[in-house]
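1. Here is the input, now give the coordinates:
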Amino acid sequence: MTAAEFGELYEANFDLVWRLLVRLGVRESDAVDQAQQVFLTAHLRLETFEGRSQWRTWLCGISRCVASDYRRSARYRREVLHATLEFDLLTEDGADEAAASKRLAELVLDKLPEKQRVVFVLFELEEMRGSEIAALLAISVGTVRSRLRLARAAFAREMKRLTVRVRGTFRAA
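-> Modelled structure (predicted):
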């Protein structure tokens, strides 16, 4: 692959990689740097790409690994990030309900177990097919369905719990 072709791959897929990283738990302030890490890794491993999957699927796999590494090596552990985000969400002055809903969804995604979050993000938000996800994660389609079902239930349960708390905060304000 020439440098120009890799540049086209980068331009065509940067937004996807950035979105995926944020949805997999990378803070927005760090997402550009982590996206660069994804493309650096892709460039260094270019000769290992066998063409059995699409470029998009291959980049999603690398993004998943980079996001996982990021969360493990974050300066602030997940508990601190959860507490900070939830506190900010519930005490932010002048926040409107639309912004609060977006932050609620981010908070809930971050609370899902990693295996469920990955399947949920790829299926619901990135609109990948179950068979693509199964191939990417090297699991059966049945396992994809099971994780997706569990993730949807956990997402709905946690959204309901936090929505009640946030609406109470808006009414009190």
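
2. This structure: helices as residue ranges?
-> 3-23, 28-44, 55-73, 78-91, 97-111, 114-120, 130-137, 141-172 (DSSP state H).

3. Among those helices, which one carries the weakest average confidence?
-> Mean pLDDT per stretch puts helix 78-91 lowest among those, at a mean of 52.

4. about what we covered before: switch the helices of the chain over to CSV; also include mean neighbour count.
-> C-betas here are computed from N, CA, C, even on glycine. Formatted as CSV, the helices of the chain follow (neighbours: other C-beta atoms under 10 Å):
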stretch, mean neighbour count
helix 3-23, 16
helix 28-44, 16
helix 55-73, 18
helix 78-91, 13
helix 97-111, 16
helix 114-120, 21
helix 130-137, 18
helix 141-172, 14
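
5. how does this protein divide into domains?
-> Domain ranges of the chain: 1-75, 77-173, per automatic domain parsing.

6. which residues touch Glu132?
-> The contact partners of Glu132, by C-beta atoms under 8 Å, 6 or more residues apart in numbering, come to 53, 57, 122.

7. Between the two ends of stretch 23-33, how far is it?
-> Start and end residues of stretch 23-33 are separated by 15 Å (C-alpha to C-alpha, to the nearest Å).

8. from the chain's centre, how far out does it sit?
-> Relative to the centre of its chain, stretch 23-33 is centred 9 Å away, using C-alpha atoms, centre = their mean, to the nearest Å.

9. Over to stretch 118-138?
-> Its chain's C-alpha centre and that of stretch 118-138 lie 12 Å apart, by C-alpha atoms, centre = their mean.

10. Span of that stretch from start to end?
-> 13 Å.

11. picking up where we left off before, which among the contacts of Glu132 gets closest to Gln34?
-> Among those, Leu122 lies closest to Gln34 (C-beta to C-beta), at 17.1 Å.

12. list the contacts for the closest one?
-> 20, 60, 128, 132-133, 136.

13. Repeat that for Leu136.
-> Neighbours of Leu136 in contact, by C-beta under 8 Å, 6+ apart: 53, 57, 60-61, 64, 122, 128.

14. now for the contacts of Leu122, which pair is the farthest apart?
-> Maximum pairwise distance among these (C-beta to C-beta): 13.4 Å, between Leu20 and Glu132.
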